[in-house]
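# Have a look at this prediction, sequence included:
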There are 2 protein chains.
Amino acid sequence: MSSIDLKKSPPRISSTAEFARYVGLARTTVSRVLNQQPGLKQSTIDRVQRALAETGFTPNAHATLLKGKGTSSVGICLENLLTPPILLKLATLQQQLRGQGYTSLIEVYAPGESRTIIRHFLSMRVEAVVFIGHFDPAELEVRLRELAGHNIPHLVIDHHGIPHANTVTLDRAKAMEAMVNHLLDLGHRTFGLLGIPLEHPSRLERIHGIRAALAARGLDLQTCARSFDAQCPRVHDFEFGQALVRRFLELKQPPGAYLALNDEIAIGAMRALQDAGVSIPGQASVTGFNNQDICTMMAPPLTTVDQQVEPTIKVAMQVLTAQLRNGMPARPVLRTIAPELVIRQSTGRAAS
Amino acid sequence: MSSIDLKKSPPRISSTAEFARYVGLARTTVSRVLNQQPGLKQSTIDRVQRALAETGFTPNAHATLLKGKGTSSVGICLENLLTPPILLKLATLQQQLRGQGYTSLIEVYAPGESRTIIRHFLSMRVEAVVFIGHFDPAELEVRLRELAGHNIPHLVIDHHGIPHANTVTLDRAKAMEAMVNHLLDLGHRTFGLLGIPLEHPSRLERIHGIRAALAARGLDLQTCARSFDAQCPRVHDFEFGQALVRRFLELKQPPGAYLALNDEIAIGAMRALQDAGVSIPGQASVTGFNNQDICTMMAPPLTTVDQQVEPTIKVAMQVLTAQLRNGMPARPVLRTIAPELVIRQSTGRAAS
DNA sequence: ACCATTTGCGGACAGGTGTCCGCGTCAAGC
DNA sequence: GCTTGACGCGGACACCTGTCCGCAAATGGT
């Protein structure tokens, strides 16, 4: 009985040498088993496997990675603002990388810590770095240059418009163009932009799409669309959407359609409109962006743009594996994902 | 001019020896500078720092961690279902750990991969492992035993009821008790449970709280409360909530108050009720759990329980740092966080 | 110019792993 | 009983860093 108890507490083993002593074999032999090299008798293989199961021994990864030429790891830097779609991308990406034998080092970005994060990645000798989300463009560009200096491939997911960056992103211009076309078809001619400034470089892509749709029908951005972004602080997106709409409702002639940067802002906008007695879509239309699950639960369900997470990650993995194999591409790669309009009941014919 | 161009492409440096050759110093001297040892002339320190900035060299972390006794890293295993509150906990925890000089290895759990994940943590020689969220109890217990076998401290955040586990969690029993009391005060005597089975072990804590509140007023769980969880598949929580409520509405006398497992289910429930013409809170009350931002945007705003993320992480860090200093505690630690009821307009007086 | 002190050098070792290689051992086949 | 493989052993080296130590060189003071 007591022998069983003793067997139940196997010794703490922290090196292959120690483990080999436990099994009663040479260290090199054990190493050969662990790395599945040929020329081993089945019985000894079994003996090692059994001891492995008993003790739960794991070779020190740091020593392995130190020895081996590559680390088979990629760094993933995550935007501060953690929304469901971003997280879904993270989870999917990590799982796919795992399937390819890659370990992922995940760091959540915090303002001013991007340098620390990249240096950590570099010290861990990652083979590539992925950025997911939106960052400060200037800061990101510096980091990318830093990585290029070390000949480490990178990939930016979602943040379009960084010079020389390898990018995979939803075609937000096309998305906005399609959305505006949808609203134009419904008779809308006045647009309130929520979270989309007319000038700010970070949202330029969306503006391009909006402008293109308007121009195709002989309309002008400046006269059709307005934005009050600068006048409201953006802390939580829901409240931001509310505040922006309240500002619009102070106008003599509020717009008939609202285009929001994302679903959260759109939902806040709907709330403020309905609280003010404006019916949706009877008196105003509202559109979101991202197609989060919550959209279908609103009254009315929110018209929005689907993020296409799976295609995005699929393409991202293609670009990534190509770079892991062949190194940094000579010219930056830009792959855009086609968006898909999801029309629900928050958009309707313009009030005449 | 060309010399400038040449200077712009510093050589790829991947070891301290190489770097020392570049600076023109001995490897040991450089190492002393990097580790801030005394007895160095300021001018040589500057020389190294300058070269450091030029080349962006970073010592190989694997070699350092191999040499040093501890790795100063903790593993974080994340629940598959990524909701905003969980993510907030992750981000906060990682930031705090970073502040304490600890690196965090983050892995998103995928069914059947918990073994792989833990083995990865072990091979990286993490000094502790944190689980955030809810997992398969049996699987989690095996992992915890595995960790204990290696003398590695652990901490489970949110998942209450794992035997021998060090746990930090919201007191969900107290929360449900307070919530039911609130509804009893409003005159409710019939309760529909959404996502909370009467028997299932994983939700036993909530049931205990509900039962306690009822018992204090001489009421009985079996007669007051019903649950149809088994009859509806749970894929997306929003739709789950909708489906459950539809099932309840088939009854001759649907309950006057609905207690949902989380905010998503509650929101789905509200949608289904309102679509069926049931006014909230006039004809039925609905409560959520977690107090996500979206709650305030609903019509009516959702009564719910706040997660208390900051206190939770604060306590988690206390427990964690204590274990990192002193090793596994002799007896499992259980710290519960006091919940806070957030009463909004989705609950009201029972219809008479 | 001389001596004492600071300061950098270079060799050595440890930490754990993967791999190569020569050598011993054991069993099977003839 | 001898040869021939098959198989395991153990020494050696490399990967890169941190640290210790003896020693040489440079520095500073007088």
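Done, it's in. Numbering: from 1, shown residues only, chains lettered A, B, ... in the order given.

# quick one, strands of chain A?
Here chain A has its strands, by DSSP state E, at A:73-78, A:103-108, A:128-132, A:154-157, A:167-170, A:191-194, A:225-227, A:257-260, A:285-287, A:304-306, A:334-337, A:340-342.

# nearest to residue A:239, of those strands?
With Cβ to Cβ as the criterion, residue A:239 lies closest to strand A:191-194 of those, at 12.1 Å. In short, each C-beta sits where N, CA and C put it, glycine included.

# so who does the residue of the stretch 251-352 of chain A found nearest DNA strand D touch?
At 17.7 Å from DNA strand D, residue A:327 is the closest residue in the stretch 251-352 of chain A, using Cβ to the nearest atom of the strand. Counting by Cβ atoms under 8 Å, 6 or more residues apart in numbering or on different chains, residue A:327 makes contact with A:151, A:153.

# that older thread, would you mind giving the strands of chain A as JSON lines with distance to DNA strand D, mean neighbour count and mean pLDDT added?
Output for the strands of chain A, formatted as JSON lines (distance: least, Cβ to the nearest atom of the strand, whole Å; neighbours: other Cβ atoms under 10 Å in any protein chain shown; pLDDT from 0 to 100):
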{"stretch": "strand A:73-78", "distance to DNA strand D": "15", "mean neighbour count": "24", "mean pLDDT": "97"}
{"stretch": "strand A:103-108", "distance to DNA strand D": "18", "mean neighbour count": "22", "mean pLDDT": "96"}
{"stretch": "strand A:128-132", "distance to DNA strand D": "19", "mean neighbour count": "25", "mean pLDDT": "98"}
{"stretch": "strand A:154-157", "distance to DNA strand D": "22", "mean neighbour count": "26", "mean pLDDT": "98"}
{"stretch": "strand A:167-170", "distance to DNA strand D": "31", "mean neighbour count": "23", "mean pLDDT": "97"}
{"stretch": "strand A:191-194", "distance to DNA strand D": "50", "mean neighbour count": "26", "mean pLDDT": "98"}
{"stretch": "strand A:225-227", "distance to DNA strand D": "51", "mean neighbour count": "20", "mean pLDDT": "96"}
{"stretch": "strand A:257-260", "distance to DNA strand D": "49", "mean neighbour count": "28", "mean pLDDT": "98"}
{"stretch": "strand A:285-287", "distance to DNA strand D": "53", "mean neighbour count": "29", "mean pLDDT": "98"}
{"stretch": "strand A:304-306", "distance to DNA strand D": "46", "mean neighbour count": "23", "mean pLDDT": "98"}
{"stretch": "strand A:334-337", "distance to DNA strand D": "33", "mean neighbour count": "17", "mean pLDDT": "97"}
{"stretch": "strand A:340-342", "distance to DNA strand D": "47", "mean neighbour count": "16", "mean pLDDT": "98"}
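
# Quick check: the residue of the stretch 251-352 of chain A closest to DNA strand D vs residue A:287, distance?
Taking Cβ to Cβ, to the nearest Å as the measure, residue A:327 falls 42 Å from residue A:287.

# same deal with residue A:195?
For residue A:195, the distance to residue A:287 - Cβ to Cβ - is 12 Å.

# Which single residue of the stretch 151-300 of chain A ends up nearest DNA strand C?
residue A:152 (22.7 Å).

# And for that residue, the neighbour number?
22 (other Cβ atoms under 10 Å in any protein chain shown).

# Please tell me I have it right and it contacts residue A:129.
Yes: between residue A:152 and residue A:129 there is a contact at 6.3 Å, judged by Cβ atoms under 8 Å.

# if I look at those two, which residues touch both of them?
By Cβ under 8 Å, 6+ apart, no residue touches both residue A:152 and residue A:129.

# Wait, residue A:156 touches residue A:163, no?
No: applying Cβ under 8 Å as the test, residue A:156 and residue A:163 come out as separate, 11.1 Å apart.

# gap between residue A:154 and residue B:58?
Applying Cβ to Cβ, the value for residue A:154 to residue B:58 is 16 Å.

# quick one: common contacting residues for residue A:195 and residue A:287?
residue A:260.

# Let me see the contact set for residue A:231.
residue A:247.

# Tell me where chain A has helices.
A:2-8, A:16-23, A:27-34, A:42-55, A:61-67, A:84-99, A:114-123, A:137-149, A:172-185, A:204-215, A:221-224, A:237-249, A:263-275, A:309-326 (DSSP state H).

# Contact partners for the residue of the stretch 151-300 of chain A closest to DNA strand C?
Here residue A:152 is in contact with A:122, A:126-129, A:328 (Cβ under 8 Å, 6+ apart).

# now swap in residue A:258 and tell me
A:191-194, A:245, A:248, A:266, A:269, A:273, A:284-287.

# quick one: buried residues of stretch A:174-193?
Across stretch A:174-193, burial judged by 16 or more other Cβ atoms under 10 Å in any protein chain shown covers A:174-184, A:188, A:190-193.

# Pick the one among these closest to chain B.
Nearest to chain B among these is residue A:192, at 18.3 Å by Cβ to the nearest Cβ.

# can you count the residues close to the nearest residue to that closest one once chain neighbours are set aside?
Excluding the flanking residues, the one nearest residue A:192 by Cβ to Cβ, 6 or more residues apart in numbering or on different chains is residue A:255, at 3.9 Å. Counted with other Cβ under 10 Å, the neighbours of residue A:255 add up to 20.

# any idea how far residue A:255 lies from residue A:168?
33 Å.

# Residue A:316 too?
5 Å.

# Are there residues contacting both of the two? Which ones?
Shared contacts of residue A:316 and residue A:168 (Cβ under 8 Å, 6+ apart): A:155, A:157.

# For residue A:43, give its distance to residue A:49.
11 Å.

# which residues does the nearest residue to residue A:183 once chain neighbours are set aside form a beta bridge with?
Nearest non-adjacent residue to residue A:183, counting by Cβ to Cβ, 6+ apart: residue A:257, 4.8 Å away. Residue A:257 has these beta-bridge partners by DSSP bridges: residue A:191, residue A:285.
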